[in-house]
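**Q** fold the following.
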Amino acid sequence: MNHFTVLTRDLERTVAFYAKFLGLQAGARPPFDFPGAWLYAGGQPILHIVAGGLPMPAEPAGVLDHMAFSGRDLRATLALLQGDGMPYELVRLPGDGTWQLFFHDPNGARVEIDFDRGEPGP
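**A** Sure, this is the predicted structure:
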């Protein structure tokens, strides 16, 4: 995987969301003629955010069902979401036991964070 692109009407809120809940960091971005941001994990720009450069679809989530990331410290992540009043769904992958945490970004895109099955549950 190289990167995902999210379209937004609210660049600041979208950048803040991914920084807070996924720990992504804004970094270098080419000088495009439209606003946006590139967010990095492990030195790689894995999430591109476009604000105003492309037309927003009528259904903002588009055909992307969700984007998944690997995470650590399930309990701390749940506390962060709960502290913000962020609705979420937490399930265990049948057979494997991996914890799967689902919630939505400010634009309606579904985000998944997978946690090792050995992590303590809520």
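
**Q** Three-state assignment for the residue of the chain positioned farthest from its centre, please.
**A** Farthest-out residue of the chain from its mean C-alpha position, per C-alpha atoms, centre = their mean: Gly95, at 25.5 Å. Counting by DSSP: H, G, I helix; E, B strand; the rest coil, the backbone at Gly95 sits in coil.

**Q** what does Tyr18 give?
**A** Tyr18 is classified as helix under three-state DSSP.

**Q** burial measure for it, as a count.
**A** 23 (other C-beta atoms under 10 Å). All C-beta atoms are positioned from the backbone trio N, CA, C, and that covers glycine.

**Q** now it: how far from Asp105?
**A** In this structure, Tyr18 and Asp105 are 7 Å apart, going by C-beta to C-beta, to the nearest Å.

**Q** residue contacts, Leu93?
**A** Residues counted as contacts of Leu93 (C-beta atoms under 8 Å, 6 or more residues apart in numbering) are Trp99, Gln100, Arg117.

**Q** keep only those of the residues you listed that are in strands.
**A** Counted as lying in strands by DSSP state E, out of the contacts of Leu93, are Trp99, Gln100.

**Q** export the lowest-mean-pLDDT helix or strand in the chain as CSV, just CAs?
**A** Across the helices and strands of the chain, the lowest-confidence element by mean pLDDT, DSSP states H and E is strand 4-8, at a mean of 84. Output in CSV follows, covering the C-alpha atoms of strand 4-8 (Å, rounded to 0.1, in the frame of the first residue of the first chain):
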residue,chain,number,x,y,z
PHE,A,4,-5.1,6.6,0.9
THR,A,5,-6.6,9.9,-0.2
VAL,A,6,-9.5,11.5,1.7
LEU,A,7,-11.6,14.3,0.3
THR,A,8,-12.7,16.9,2.9
